[in-house]
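In: Predicted coordinates and the sequence they were generated for:
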Amino acid sequence: TPDVWEWASEVALVGGVMVNRKSGGDFFQPLSFELRRSVSVANGRPTDVYREAFGPRPDLLPILGSEDAVRRVLGPSKPG
């Protein structure tokens with residue numbers, strides 16, 4: 001919500017999927033990690049920090065079946 005910037009100058013967003021497995025335990029697979037700053041602090045564009053936090057992104061092509069689908073899943077989000 002827009003009022004978040006009344007009490008924060010930076011927000012970290014992590015997105016991904018929860019993988020439920022029959023054995024071996026469930027786990028969270030992060031697919032995005034970005035920092036968003038208020039327009040007064042920065043230009044309001046997200047900063048992608050996935051690689052810094054988690055390393056290379058997973059290869060989703062075999063799972064999703066097309067480069068277009070991979071771009072849609074891993075592409076940058078749109079603020080607002």
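Out: Right, received. Where do you want to start?

In: Need the contact partners of the biggest helix by length in the chain.
Out: As assigned by DSSP state H, the longest helix anywhere in the chain is helix 67-74. Applying C-beta atoms under 8 Å, 6 or more residues apart in numbering, the external contacts of helix 67-74 come out as 31-32, 57, 60-61, 64. Where C-beta positions appear, they are placed from N, C-alpha and C, glycine not excepted.

In: What segments of this protein are strands?
Out: 10-19, 27-37, 47-48 (DSSP state E).

In: in its sheet, what does the second one sit against?
Out: Okay, so that is strand 27-37. strand 10-19 (antiparallel), strand 47-48 (antiparallel) (DSSP bridges).

In: about what we covered before: could you export the strands of the chain to CSV, including columns for mean pLDDT?
Out: Putting these into CSV (pLDDT from 0 to 100) gives the following:
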stretch, mean pLDDT
strand 10-19, 91
strand 27-37, 91
strand 47-48, 90
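
In: about what we covered before: closest to residue 5 among the contacts of helix 67-74?
Out: Set against residue 5, the nearest of the contacts of helix 67-74 by C-beta to C-beta is residue 32 (20.7 Å).

In: related to what we said a few turns ago, relative to residue 4, which of the strands of the chain is closest?
Out: Residue 4 sits nearest to strand 10-19 of all the strands of the chain, at 6.4 Å, using C-beta to C-beta.

In: Thanks again, I'm all set now.
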